[in-house]
Structure formats: structure tokens, C-alpha cells
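Student: just a sequence and a predicted model for now, questions to come.
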Amino acid sequence: MSTEETPAPRSLAEALRARDDASLAALLRTRPDLITPVPTDLTQLATRAGTRASVVRALERLDRFTLQTAQALAVSPDPAAYDGLLALLAGDAADPSVTAALPRALTSLREQALVWGGTDRLRLVRTARELLAPSPQHPSPTGLGPTVAEATAGMSPGRVQEIVAAAGLTSTHDAVSAVASLTALFTDRRRMAALLDSAAPDSVDVLRRLVWGPPYGQITAEPAAHLRWLLDRGLLLATAPGTVVLPREVALHLREGRAHRTTEPLPPGVEPAATHRPQVVDNAAAGQAYTALATVEELLKDWDEGGPAVLRAGGLSVRDLKRTAVALDVSEPVAAFWVELAYAAGLLASDGETDERYAATPAYDEWLEWPSGRRWARLAEAWLTATRTPGVIGGRDAKDRTLSALGPALDRSAAPEVRHRVLALLAALPEGTSPTVESVLARLHWERPTRGPQQDRAGDEDLRTRLARWTLAEAESLGVTGRGALSSQGRALLGAPAAPVKAAEQPTGPGDKLPVHHHHDHTHSHPHSHAHTLEPLSASEQAVASATAARLLTPLLPEPLDHVLLQADLTAVAPGPLKRPLADMLGVLADVESKGGATVYRFTPGSVRRALDAGRSASDLHDFLTAHSRTPVPQPLAYLIDDVARRHGHLRIGVASAYVRCDDDAVLSEILADKRSANLRLRRLAPTVLAAQADPATLLDGLRGMGFAPAAESAEGDVLITRAHSHRTPPRTAPDPVPDGPPAPDNTLLSAAIRAIRAGDLASTTPRKPTETPAPNGDLPRTSPPETLATMQAAVMTGEAVWIGYVNAEGAASQRVIAPIRVEGGFVTAYDHTADEVRTYPLHRVTGVAELADDQP
């Protein structure tokens with residue numbers, strides 16, 4: 001790399017000042033916390049870029065090799081030369097892949113303002129050096145210890161001279177030159193090798209146990225001879241009583257110059273596991289998408305008249321989650337996923353009433369009317385962007401409380417990014433190709449190797465790893481992937497272009513295996529490849545992508561049917577999805593017995609009575625079945641409907657607490673004689689009337705359990721029709737994702753922020769002529785009103801810019817560079833370089849004015 005011709009910057013602020021607007025925009029885009037709020041000038045921006053919280057956030061977003069580069073800089077001299085940094089990363093073997101990758105890593109660190117300075121004076125920002133440099137309390141990620149100079153800083157000069165003499169070096173007159181002589185010995189490969197050749201095998205074994213860290217060890221007050229040999233020659237240095245450390249220079253010699261045990265300049269490839277024809281993948285994904293829609297509908301239909309109660313702390317109880325899992329015929333974790341997905345899509349919420357329960361939202365009814373493809377896109381988009389993470393349900397939070405479905409503390413800010421990144425890696429594979437899970441996890445770990453404090457831990461896997469596993473499973477359940485490969489609709493949902501390689505060029509078949517390539521071919525996406533450039537979409541772009549995904553999925557979903565097949569065993573078979581009016585009515589008239597490619601409904605006395613309670617007559621039911629069955633209505637089914645209808649409403653129940661009346665007193669006598677009616681506590685008021693101490697609903701259920709078919713009646717004696725009604729929450733919005741830090745700024749905000757920072761920097765750095773009343777500590781200029789007016793009028797005549805101090809109506813003070821145009825009526829109209837526009841200022845709010853230096857335009 002060539003040496004920069006421009007003068008080397010003396011600070012990070014100067015380095016930022018030398019950047020163009022595009023470079024500043026790149027910095028603010030990758031580190032959005034730097035413009036929250038917008039800095040007043042570049043000096044403040046540099047200060048903010050060096051704060052601990054901001055630096056930690058930036059380091060956590062570096063890929064493994066870029067982070068290794070920063071770690072190597074932290075154990076290099078400050079400033080460091082490029083060649084010295086390269087030697088630390090490439091080692092004595094001069095790995096060519098490291099040589100090729102280092103410029104990119106340094107460019108990334110420079111762009112993010114973590115490194116500044118010329119190639120011969122590379123400086124890591126101070127906070128990053130403090131975080132990454134080794135110390136007894138915080139070992140370096142490299143495993144290296146302190147340098148000889150650092151380790152001997154508190155050592156007596158006499159002891160240093162003893163070490164120099166034992167190492168075979170010439171004694172010096174001061175400790176500084178002695179330490180320099182010892183350092184020169186340890187960094188000389190030839191002399192160091194000769195010194196170690198003279199060591200006993202036990203001594204060398206001790207060094208090798210410490211070489212990759214941690215570099216500290218414990219010794220007794222009377223160390224063994226092989227340890228004493230090392231201590232006498234400075235190969236181990238005492239840092240505290242009983243504690244020794246391996247100097248950095250010695251470790252680097254034993255490591256053959258490498259700062260890391262394994263330097264990883266290239267990302268690991270995403271290995272293909274199998275490939276399938278694109279049509280097979282799309283059809284499998286479409287089948288899963290249909291199942292997803294049916295499952296969400298079934299869930300909310302089950303909760304249609306009011307779902308489970310909301311726990312006092314929020315969320316769904318374990319018992320209700322189990323009941324939901326049984327109703328959906330899935331496991332509890334899968335049930336939790338569907339419940340959370342409906343909630344994320346805004347289809348489910350709590351009703352907010354005193355006896356708070358979960359129920360469908362009005363948006364659910366609107367969603368039901370949409371075409372199937374659009375309904376799926378709504379679910380998939382909600383899943384892709386949601387921060388709520390169903391996978392953590394059942395775990396414990398920081399206060400050791402169980403995390404419940406729909407409860408608080410389920411948001412994980414990293415979830416959307418991990419989901420998008422996993423799908424982007426799948427999008428980079430050839431069409432129809434599924435990856436191995438472990439290669440996906442290895443790639444993600446290379447891209448984000450650091451791990452901040454995680455409250456979610458399962459075994460040795462961190463949260464990001466578990467998020468990736470959940471993403472692969474959830475994408476398959478939702479129909480974003482099919483047989484492990486990204487589907488066409490999934491690719492469209494991401495806004496991804498066509499796959500890089502056609503599947504026809506690869507082995508095909510449902511279970512065909514792809515050969516595993518260990519070199520980096522087209523399936524191994526690089527950080528600058530297609531997968532890396534596939535960024536999350538804006539809201540408007542995502543709407544277009546979702547519409548495209550819905551359009552691609554629609555032809556693959558089965559068309560709703562308007563008929564069923566009635567069978568003699570009191571069942572009906574729906575050979576596919578049913579149109580909504582037919583499905584709704586059949587859901588009232590019969591019970592679902594089994595689901596799958598075809599749904600089997602069973603007619604029972606209870607299901608027929610349910611339809612009659614909803615206001616249907618026997619003739620209505622006969623007509624309905626005749627109209628929608630491709631087979632004749634079986635005689636047993638017709639008899640069942642007529643028999644239930646004949647007995648339906650023969651008994652009437654009203655409010656006493658409750659009463660039963662019947663024109664046939666023999667029926668009432670039969671009820672009283674039945675032992676099962678004892679808990680209803682009935683007594684006869686008249687030959688055709690019984691009174692009960694139970695409420696009407698309990699009385700209805702009790703008599704139905706005894707085999708009767710009672711009907712409820714109103715106070716006027718009319719039969720009450722219990723139509724199936726839907727309980728809905730008030731209008732609710734979908735839960736907002738919890739962002740991981742400030743949101744990425746858009747181009748408009750970036751442009752305005754950079755313009756403001758540049759203007760503020762101009763005002764704060766423009767040289768000014770000294771005034772008779774100098775500003776204290778470089779603050780706002782101070783001049784008398786006559787001097788201010790005279791200077792302003794002179795500037796109007798000469799057309800020169802001046803520096804002013806200004807206090808606005810709210811009392812906020814600022815400094816500005818303006819070019820006065822006219823002064824009249826107590827106001828000055830000027831072009832404000834700070835605001836980049838013409839403004840008018842009251843003269844009485846100007847604290848003072850100073851002319852700019854002569855060499856300024």
C-alpha cells in the first residue's frame with residue numbers, strides 16, 4: 001500500500017474533517033447512534049464516536065476478520081505501521097489470503113471511525129484499545145499478555161539488570177535501555193531460537209502451555225529449577241507475589257508471529273445439503289402456506305366467542321397453551337408460534353375488558369376476506385419483521401420468571417436481522433438447494449463473532465445461534481421455504497433477484513445429495529456477494545415485495561370448493577378447502593373429525609342441535625346438504641336431523657333462577673325421577689313446570705347431558721335463538737418491533753444531518769481576527785452594540801463574512817458564520833453559512849461579532 005500524500009491527521013476529528021459527504025453518510029448509516037441527536041460539529045461527532053457505548057455497539061457488528069484486525073491493532077504499538085499489523089495477522093508464513101483481505105478489513109474499520117491515521121501511523125480509537133488490549137482483569141481475545149516494557153514497569157532497576165545479564169546481554173546504565181535490549185532479544189527470531197534451544201524441555205513445556213492464553217500463571221515462593229530458569233531470563237515475568245506472565249514478545253515468537261491461533265480472513269462457505277427441482281420446492285412450500293392459513297383460521301375460530309383469560313402479569317397460561325396445542329393437534333412450542341404469529345400480524349389481541357380475555361381483532365375479519373395469497377403475505381411479512389420470539393417461551397427471564405406466550409419480555413431485537421440474514425444466505429444458494437444447518441450457523445458466527453450479555457442461554461448456544469435454528473424451522477412451517485430450500489415466494493418476499501445458478505444444472509430429485517465442496521465456489525457467498533448486499537427493505541419496498549410473493553403463491557394454492565361428499569356413516573368429506581359460507585355453516589352443523597389433504601366432518605346429535613340453536617330449521621338443513629353434496633343425502637343423516645329437530649324445543653327453560661316447562665307432564669316426571677338431575681335441585685311448581693336453583697345455562701347443559709333437547713326461551717315465552725356470534729376486541733394495531741438501537745437514517749435525514757454538521761464545523765473552526773473583548777474560553781464573541789452595528793455595516797459594504805454569537809428567543813446560544821446583505825430597522829439580513837440559507841436576525845440578540853481571518857474567503 002502506498003503512503004498517503006496528504007498530511008497525516010492528528011486526531012479523529014481531523015480525519016473526519018477530511019472525509020467527503022459520501023464517506024460521512026456511510027459512517028452515520030453504519031453507526032446511527034452517532035446522529036441521535038445530530039452533533040453540532042465534527043469534533044462532537046468524533047467525541048461521540050469514541051464513547052464506550054457507541055464503540056461497543058460498533059465492535060459487536062464487525063465480522064470475525066475485521067474484529068481480529070482490531071484486536072491485532074490493540075496489541076500493536078500505538079501508532080502501528082501497516083506492515084507490522086500484517087505480520088501480526090499473517091504470521092511468519094505470510095498467509096496470502098490474509099494479505100488480500102487486510103485492506104478490506106482496514107477500510108471497514110476506517111469507515112466506521114474505529115481506526116484513523118495514515119498507513120504508517122494506524123491508530124485504533126482509544127476506547128476500542130481499552131476494550132481489546134490485554135489486562136489482568138480483562139484478558140485480550142488474542143490471549144496475549146503485556147509487553148516486556150509494560151510487565152517490567154514496576155520492577156526495580158536492579159532486577160531488570162539481573163534479567164539482562166542472565167539472558168546473555170550487555171548490562172546498561174538505565175532500566176529503559178535494558179528493557180529495550182531485552183525486547184530486541186525477544187523479537188529477534190534467530191537469537192530467540194538459540195536461547196530456547198538451551199532451555200530444558202520442562203521449561204519449554206511451561207511456555208507452550210501459556211502461549212495461547214491465558215498468559216498468567218501461579219508459582220510458589222520457591223519455584224522449581226525449570227521455572228527459575230525462565231524467571232531469571234525474563235521469559236516469565238513476575239506481576240504480583242505468586243503470579244507470573246508470559247511477555248507478549250515471547251508468545252509471538254512461539255506463535256510464529258501470529259496474534260491469533262486461527263486467523264479467518266474468509267467467511268466459511270454455506271454448504272449445500274440437497275437439491276430439488278424448483279417446482280418441488282415451491283409446491284412443498286405452498287402446501288405449508290395453506291396449512292399455515294388453515295391453522296391460524298382454526299386458532300381464531302376456536303377463540304371466536306372469547307379466548308383464554310389474560311394472566312395478571314400478561315400472557316397465556318400454561319394450561320391454556322396446552323389446550324390450544326391439543327385443539328390444533330400440534331406440540332406446545334408450535335402452538336406458541338402460531339399464537340404469536342397471529343398476534344404479530346394484528347389478528348389477535350386482548351379485549352381490554354374487566355375480565356380480560358384474548359380474542360380476534362376486527363382486522364381478522366378483514367383478513368378473512370382477502371385472497372389466500374395476500375393473507376399469507378401478511379403473515380409472512382409480520383413474521384419477518386417481528387422482534388417477538390416464540391422460541392424463548394417456557395424459558396426464564398432475568399428475574400427467573402417463566403416466559404409465557406403473548407406475555408411480556410419476549411422481544412429480542414436481533415430476531416429480524418437474524419431471520420433476514422438466514423434467508424439471504426439461502427437466497428445466495430442455487431435455486432432449489434437447501435443448506436446444512438451447521439454451515440449456516442458457522443457463517444453467521446463468522447459474521448457476528450462477538451456476543452454481548454445474553455439473558456437467553458441454552459447449553460453452549462448463544463441467542464443468535466438459537467434464533468437462526470428457529471428461523472429455519474419457522475420458515476419451513478410458514479411456507480417461506482420448502483424442503484429446506486428458499487421458495488419462489490420466499491425469494492420475492494425478501495426482494496431478492498433470481499437465484500445465481502439454475503437448479504437444472506444441479507442434481508435433481510426429492511432426496512438427491514449435492515457433493516460437498518470445501519473450496520469457495522459459487523455456493524459460498526462472500527461478504528461482498530449477492531447475499532451480503534441483500535439488505536432489509538423499506539416499508540414501501542416491502543409492500544411491493546409482499547404483493548409479488550402473494551402473486552407467485554396464489555396459483556400454487558388449491559381453489560376453494562363449493563361441495564362435500566356425504567357418506568352413510570354420518571360423515572362428510574371435504575376433498576379440499578371449502579368456500580367460506582360453506583365452511584362456516586358446516587362448522588356449525590358438524591364436528592371436525594380429522595384434517596389433512598381432505599377434512600372429515602362428523603354429524604352428531606349435539607352438532608345438529610347446535611345448528612338448530614343457531615336458528616336453522618330441519619328443512620333448512622336438508623336443503624343445505626342437498627345443495628352442497630355431490631352425493632345423495634344418506635338416509636341415516638336425514639333421520640338424525642329429523643329426530644333431533646322433533647325433540648328440539650320440546651322442553652323450555654327460562655329464568656326463575658331457572659325453570660323448565662313442558663306440555664307433556666310425563667317428561668317432567670321422568671326428569672325428576674332421574675338421579676342425574678339431583679344436582680339441579682328441581683321441584684315441581686305445576687304439572688307442566690319445574691323450578692331449578694341452577695342458572696339457565698347450567699340447566700340447559702345438565703338436561704342435554706341427560707339426553708334431552710331443551711331450548712331456552714325469553715321472558716315473553718319465545719324461543720331464544722343462540723346464533724353463533726363473534727367476540728371481537730376494539731380496533732388494535734399490531735405490536736411494534738423493538739429496535740436494536742436507533743433506526744437506520746434515511747437519505748433525507750443523512751443529507752440534512754451532514755449539512756448541519758458541516759455548517760456547525762465551519763462556524764467552530766473558521767479562523768477569526770482577535771477582538772478588543774476576547775471571548776472567554778473560546779465561547780461566543782462579545783462586542784458592544786455600537787461595535788456590532790459598525791462591523792455589520794462594514795461587512796455589507798465589503799461583502800465579507802463575519803462570525804457572530806447569537807441567542808434565540810428560547811435562550812439557546814449558538815455561533816454562526818454569516819455574510820450580511822443589509823442592516824436596517826434593528827435587524828440584519830444575511831446569508832447564514834451555518835444554516836445554508838438567508839435569514840434575518842434581531843441585532844439585540846447578537847452577543848458580538850468578529851471578522852474572519854484574512855486567509856478565509
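Tutor: That came through fine. Numbers count the residues shown, from 1 in each chain.
Student: quick check: the gap between Phe827 and Ile818.
Tutor: As for Phe827, its distance to Ile818 is 12 Å (criterion: C-beta to C-beta, to the nearest Å). Bear in mind the C-beta positions are built from the backbone N, C-alpha and C, glycine included.
Student: tell me which of the two has more neighbours.
Tutor: Using other C-beta atoms under 10 Å as the criterion, Phe827 and Ile818 rank with Ile818 on top: 26 against 14.
Student: before we move on, the earlier item: give me the common contacts of Phe827 and Ile818.
Tutor: Here Phe827 and Ile818 have Tyr841 as joint contacts, going by C-beta atoms under 8 Å, 6 or more residues apart in numbering.
Student: list the contacts of Leu144.
Tutor: Going by C-beta under 8 Å, 6+ apart, the list of residues near Leu144 reads Val75, Pro134, Gly213, Pro215, Arg248, Ala251, Leu252, Ala259.
Student: which residues touch the first one?
Tutor: Under the criterion of C-beta under 8 Å, 6+ apart, the contact list for Val75 reads Leu88, Leu132, Ala133, Pro134, Ser140, Thr142, Leu144, Arg248, Ala259.
Student: of all those residues, which comes closest to Ser404?
Tutor: Leu132 (39.8 Å; C-beta to C-beta).
Student: give the burial count for the closest one, as a bare number.
Tutor: 21.
Student: which helix or which strand is home to Ala645?
Tutor: helix 635-647 (DSSP states H and E).
Student: contacting residues around that helix?
Tutor: Residues contacting helix 635-647 (C-beta under 8 Å, 6+ apart): 566, 568-570, 603, 605, 608-609, 612, 617-618, 621-622, 625, 708-709.
Student: may I see the buried residues of that helix?
Tutor: The neighbour-count check on helix 635-647 (16 or more other C-beta atoms under 10 Å) flags Leu637, Ala638, Leu640, Ile641, Val644, Ala645, Arg647 as buried.
Student: can you give me the strands in the stretch 151-300 of the chain?
Tutor: 216-218, 237-240, 243-245, 272-275 (DSSP state E, counting those that start in this stretch).
Student: just say which of the ones you listed is most tucked in.
Tutor: Most buried of those by mean neighbour count (mean count of other C-beta atoms under 10 Å) is strand 272-275; its value is a mean of 23.
Student: packing partners for that one?
Tutor: In terms of contacts (3 or more C-beta pairs under 8 Å, 6 or more residues apart in numbering; DSSP states H and E), strand 272-275 is packed against strand 433-435.
Student: check the gap between Val392 and Arg421 for me.
Tutor: Distance, Val392 to Arg421, using C-beta to C-beta: 19 Å.
Student: next: Asn679.
Tutor: Taking C-beta to C-beta, one finds Asn679 at 61 Å from Arg421.
Student: do the same with Phe337
Tutor: Distance from Phe337 to Arg421, by C-beta to C-beta: 20 Å.
Student: enumerate the positions of whichever strand or helix holds Leu552 that are buried.
Tutor: Assigned by DSSP H and E, Leu552 belongs to helix 539-553. Under the neighbour-count criterion of 16+ other C-beta under 10 Å, helix 539-553 has Gln542, Ala545, Ser546, Thr548, Ala549, Ala550, Leu552, Leu553 buried.
Student: could I get these as JSON lines with distance to Ala294 and pLDDT?
Tutor: Output for the buried residues of helix 539-553, formatted as JSON lines (distance: C-beta to C-beta, whole Å; pLDDT from 0 to 100):
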{"residue": "Gln542", "distance to Ala294": "25", "pLDDT": "92"}
{"residue": "Ala545", "distance to Ala294": "24", "pLDDT": "93"}
{"residue": "Ser546", "distance to Ala294": "20", "pLDDT": "94"}
{"residue": "Thr548", "distance to Ala294": "23", "pLDDT": "94"}
{"residue": "Ala549", "distance to Ala294": "19", "pLDDT": "95"}
{"residue": "Ala550", "distance to Ala294": "17", "pLDDT": "94"}
{"residue": "Leu552", "distance to Ala294": "20", "pLDDT": "94"}
{"residue": "Leu553", "distance to Ala294": "14", "pLDDT": "95"}
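Student: ok, the contacts of Leu144 vs Leu852, which is closest?
Tutor: Distance to Leu852, by C-beta to C-beta, is smallest for Val75 among those, at 45.5 Å.
Student: got the confidence number for the closest one?
Tutor: The model reports Val75 with a pLDDT of 93.
Student: does Ala46 sit in a helix or strand, and which one?
Tutor: Ala46 belongs to helix 42-49 when assigned by DSSP H and E.
Student: in CSV: the buried residues of helix 635-647, plus distance to Gly117.
Tutor: Listed next are the buried residues of helix 635-647 as CSV, based on distance: C-beta to C-beta, whole Å:
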residue, distance to Gly117
Leu637, 86
Ala638, 91
Leu640, 88
Ile641, 88
Val644, 88
Ala645, 91
Arg647, 93
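Student: now do the helices in the stretch 401-550 of the chain.
Tutor: Per DSSP state H, counting those that start in this stretch, the stretch 401-550 of the chain carries helices over the ranges 415-427, 437-447, 463-478, 488-494, 530-533, 539-553.
Student: what does the stretch 701-850 of the chain give?
Tutor: 747-765, 785-798.
Student: hey, which of the ones you listed is tucked in deepest?
Tutor: Ranked by mean neighbour count, the helices of the stretch 701-850 of the chain are led by helix 747-765 with a mean of 17 (mean count of other C-beta under 10 Å).
Student: tell me the mean pLDDT over that helix?
Tutor: When pLDDT is averaged along helix 747-765, the result is 81.
Student: returning to what we had before: redo the strands of the stretch 151-300 of the chain as CSV? Include distance to Pro103 and mean pLDDT.
Tutor: CSV is the format used below for the strands of the stretch 151-300 of the chain (distance: least, C-beta to C-beta, whole Å; pLDDT from 0 to 100):
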stretch, distance to Pro103, mean pLDDT
strand 216-218, 35, 90
strand 237-240, 36, 88
strand 243-245, 34, 91
strand 272-275, 31, 94
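Student: distance of the nearest residue to Ala238 once chain neighbours are set aside relative to Ala327?
Tutor: Of all residues not flanking Ala238 in the chain, Val244 sits nearest, at 5.5 Å (C-beta to C-beta, 6 or more residues apart in numbering). Distance of Val244 to Ala327, computed by C-beta to C-beta: 66 Å.
Student: hmm, back to that, for the helices of the stretch 401-550 of the chain, give me a markdown table that also has distance to Arg822.
Tutor: Below are these laid out as a markdown table (distance: least, C-beta to C-beta, whole Å):
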| stretch | distance to Arg822 |
| --- | --- |
| helix 415-427 | 54 |
| helix 437-447 | 58 |
| helix 463-478 | 61 |
| helix 488-494 | 57 |
| helix 530-533 | 52 |
| helix 539-553 | 45 |
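Student: just name the most buried of these.
Tutor: It is helix 488-494: most buried of those by mean count of other C-beta under 10 Å, with a mean of 24.
Student: roughly how far out does stretch 803-823 sit from the chain middle?
Tutor: 44 Å (C-alpha atoms, centre = their mean, to the nearest Å).
Student: buried residues in that stretch?
Tutor: Buried, per 16+ other C-beta under 10 Å, within stretch 803-823: Trp803, Ile804, Gly805, Tyr806, Gln815, Arg816, Val817, Ile818, Pro820, Val823.
Student: could you identify the most distant pair in those residues?
Tutor: Gln815 and Val823 (19.4 Å).
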